[in-house]
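[1] give me a 3D structure for the following:
(chains A and B)
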Protein chains: 2
Amino acid sequence: MLDVNWARTVFPPGALDDPTSVGLTSAHTVTLADESSPFRLDTGEFIAPVDVEYETYGTLSAARDNVVLVVHALSGDAHVAGWDYDAIQTGRKWRLRKPGWWDTVVGPGKPLDTRKFFVICANVLGSCYGTTGPGSPHPRTGKPYGLSFPMVTVGDWVNLQARLLDHLGIERILAVVGGSLGGQQVIEWMMAYPDRVEKAIVLAASAKLSAQGLAFNAVGRQTIMSDPNFNGGNYYGGPVPAQGLSAARMLAHITYLSDAAMDMKFGRRYRNKTKPDFDFGIEFEVESYLAYQGQSFVERFDANSYLYITRAMDYYDAAERWGGGNLVEACSRVTADTMVVSFSSDWLYPPAQCRELAAAFCQCGKPVTYIEVPSSYGHDAFLVETEIVGKLLADFLAREPKR
Amino acid sequence: MLDVNWARTVFPPGALDDPTSVGLTSAHTVTLADESSPFRLDTGEFIAPVDVEYETYGTLSAARDNVVLVVHALSGDAHVAGWDYDAIQTGRKWRLRKPGWWDTVVGPGKPLDTRKFFVICANVLGSCYGTTGPGSPHPRTGKPYGLSFPMVTVGDWVNLQARLLDHLGIERILAVVGGSLGGQQVIEWMMAYPDRVEKAIVLAASAKLSAQGLAFNAVGRQTIMSDPNFNGGNYYGGPVPAQGLSAARMLAHITYLSDAAMDMKFGRRYRNKTKPDFDFGIEFEVESYLAYQGQSFVERFDANSYLYITRAMDYYDAAERWGGGNLVEACSRVTADTMVVSFSSDWLYPPAQCRELAAAFCQCGKPVTYIEVPSSYGHDAFLVETEIVGKLLADFLAREPKR
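    Numbers count the residues shown, from 1 in each chain, chains lettered A, B, ... in the order given. Sure, this is the predicted structure:
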């Protein structure tokens, strides 16, 4: 019973029949850990059950050698491309509004060509989009975990993705690709599973978050945790910490855009007026934009997941994990052919920090391609500069891997 | 009856007797507007009474031609130099902890030499340090204004400072100097009162705040206004919106420091440990620093004042006020000899924006000195780089003004 939202959407013929088409997709959920085989976390804790929501696009080749693993960023999910059939059926409206988050890049004839590649993306542990997270029921109480959910790390996410690949019977992946926090998962993949990755593409990410990045995350979490509705993370079933989460998202959004992009897009224009009202409401366009971003995020994201995922972002430090603090040492584990792409106006993971990662590969004689894309879109460029990113991806995937 | 805090402090001999010494200072409060002569605001509203707290250092010359007006930034006050005698007497502890906010620059033998200059600084309208603000009693109800306090602008601040100078019998000032939001007051002084200013020194400020700056202010205000204790601004006498104000200050602090400065100062070091605890408490040094900055700000600043002053910062646009949107037109009003100083790593008022102001002076043939100080301290550099700033100030004040 497809509703009117779906009916209005024009899908290519055979969208439901052709597995290489991503006109309409279905999410799958698989239980990858249960009481008998709990999932061991970086902290040493165990968690069970662990459900993982993932989507696939295209067809797995008989030799199982055409897998491209896409890893999502902070607020992303497994729904990379096409329109979500389940969401349409169940009326999960936020997903109806737009196709997958990388629909411009993944699909038949697109840079990650699903006529050729079998693309997989899984929602990360701790998120709120189908994989087990703080909103999931605690196995002992049946009530949502809230802050009793264990701390998760980028390493945990990658280990869980590896377990998903095991489940799907996939030993080795042709490529892993992701941007921002997704890019850090790519780095972790190369280092944790060097034998399983042929090519790796890191977009707008470096081996660790800067002190400034840690600071922004800390403020975002404080706004959430001091919201009157937060209640120590136990807000499920009641009003959510909307103001706090909204403020956190507004703040994060500033870090995703460049100063120049904000000036171009909004400048100091007033919102629907030529003079200010002289009050604390919405005066400027940029305030209106941020307020909208904050509010719409509250409708689609869980505040506790925001806490856990930003903390994972804080903790990640590839050099510390794999090189005793030495990034060159960490990179020397890697066998994948690597491409690192930075964006000139990105100030969350600035080019200089991305270049440091590429330089570390060079220093240990590993093949690496480093590209700084000129863009005024800031950190968001990795999602916005579709044409250049798509071309870089397609070319890098098409060429013989360097050893 | 000076208490032990004072006794421990060593003042130069004669600190209390010599008016050019700023070992120990007293704040003055003057009522500059009352019911019979209310103060007209930029919005068209009137306010009365208006009390202004100010301090002076040094001796006014017989010809009244040695006045340097210092204007303070967002969280500053009239107490520029020395130790506050009144605060020591009344136990206003936050002032006891440290001398005036520009004590390194203002004093006998210092760059703003009080043996030579008569230095004045007044607390701005809407602040919480002695001048009338949202915490002051509403004349009709006797209760604190809260958000019924009228909106104030940088223009209002400067007009009120002009009224203070009238009161003190000072027609013309040798120089006006300030940084950040203080720098914007300097710009306003030059344009609103071209006949009264001989020299003007703008530090770390441009003619308007960028869209990114507007955005940060908006998030800061949202954190305050969504604090459960905010209560529409009526929190006086009860618990203050501490969490919200603290988060706003933490956020602002990030914008005062450069990325590089934060990396140098804190990096990714854990706080008092070598491994993380894996929780949402203080894990990293930078989190501890920000939390401290936030908490100590709550002890010394009023949340409502923060709302009003950041809003004034938002609204200020010299080109719009004085040039119909054209900065060159606005600058053509100015007769003062001007120095604009930017700091290389400042990203709140970046060098490019400060240079735009200097360029506008050039374009209308006005004398201007523009200096970009290389510094890794970010926006804070205007307060931190005392040696170079002091030297620039002293040299600029000593030379014959250019016409």
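
[2] who's in contact with residue A:214?
    A:314, B:268, B:284, B:286, B:287 (CB atoms under 8 Å, 6 or more residues apart in numbering or on different chains). All C-beta atoms are positioned from the backbone trio N, CA, C, and that covers glycine.

[3] so the second one: helix, strand or coil?
    Okay, so that is residue B:268. Judged by DSSP: H, G, I helix; E, B strand; the rest coil, the three-state class of residue B:268 is coil.

[4] per-residue confidence at it?
    Note on residue B:268: pLDDT of 97.

[5] the last one now?
    On the pLDDT scale, residue B:287 is placed at 98.

[6] how close does it get to residue B:203?
    As for residue B:287, its distance to residue B:203 is 30 Å (criterion: CB to CB, to the nearest Å).

[7] please say which of these two ends up with more neighbours.
    Neighbours were counted for residue B:287 and for residue B:203 using other CB atoms under 10 Å in any protein chain shown; residue B:203 has more, 29 against 24.

[8] now do the phi/psi pair for the more buried one.
    Dihedral pair for residue B:203: phi -110, psi 130, per degrees, to the nearest 10.

[9] how many neighbours does the residue nearest to it when sequence neighbours are not counted have?
    Of all residues not flanking residue B:203 in the chain, residue B:179 sits nearest, at 3.6 Å (CB to CB, 6 or more residues apart in numbering or on different chains). Neighbours of residue B:179 under the rule other CB under 10 Å: 29.

[10] so residue B:179 touches residue B:185, yeah?
    No: with contact taken as CB atoms under 8 Å, residue B:179 and residue B:185 are classed as non-touching, separated by 10.0 Å.

[11] do the helix or strand residue A:296 falls within and chain B meet?
    Taking DSSP states H and E as the definition, one finds residue A:296 inside helix A:285-300. Yes: taking CB under 8 Å from any CB of the partner chain as the criterion, helix A:285-300 and chain B are in contact, through A:286, A:287, A:290, A:291, A:294.

[12] leaving out sequence neighbours, find the closest residue to the second one.
    Counting by CB to CB, 6+ apart, the nearest residue to residue A:287 once its immediate chain neighbours are dropped is residue B:218, at 4.6 Å.

[13] can you give me the helices in the stretch 1-150 of chain A?
    Along the stretch 1-150 of chain A, counting by DSSP state H, counting those that start in this stretch, helices occupy A:4-8, A:85-90, A:93-96.

[14] mean pLDDT for these: which is lowest?
    Here those differ in mean pLDDT, and the lowest is helix A:4-8 at a mean of 42.

[15] tell me the residues of the stretch 301-403 of chain A that contact chain B?
    A:307, A:311, A:314, A:315, A:317, A:347, A:350.

[16] and residue A:371, that one's in a helix?
    No: when classified by three-state DSSP, residue A:371 is found to be strand rather than part of a helix.

[17] tell me the pLDDT of the residue nearest to it when sequence neighbours are not counted.
    The spatially closest residue to residue A:371, leaving aside those adjacent along the chain, is residue A:341, at 5.0 Å (CB to CB, 6+ apart). For residue A:341, the pLDDT comes out at 98.

[18] repeat for residue A:97
    The pLDDT attached to residue A:97 in the predicted structure is 57.

[19] same question for residue A:84.
    We have a pLDDT of 76 for residue A:84.

[20] I'd like to know how far it sits from residue A:25.
    Applying CB to CB, the value for residue A:84 to residue A:25 is 6 Å.

[21] quick check: the two most widely separated of the contacts of residue A:214?
    The widest separation within the contacts of residue A:214, taken as CB to CB, falls between B:268 and B:287 and amounts to 10.8 Å.

[22] what is the burial count for the residue of the stretch 1-150 of chain A found nearest chain B?
    Ranking the residues of the stretch 1-150 of chain A by distance to chain B (CB to the nearest CB) places residue A:43 first, at 4.9 Å. Close neighbours of residue A:43, defined as other CB under 10 Å, add up to 17.

[23] now the strands for chain A?
    With DSSP state E applied, chain A shows strands at A:24-25, A:28-33, A:39-40, A:46-47, A:50-57, A:67-71, A:83-84, A:106-107, A:112-113, A:118-122, A:173-179, A:197-203, A:337-343, A:368-373, listed in chain order.
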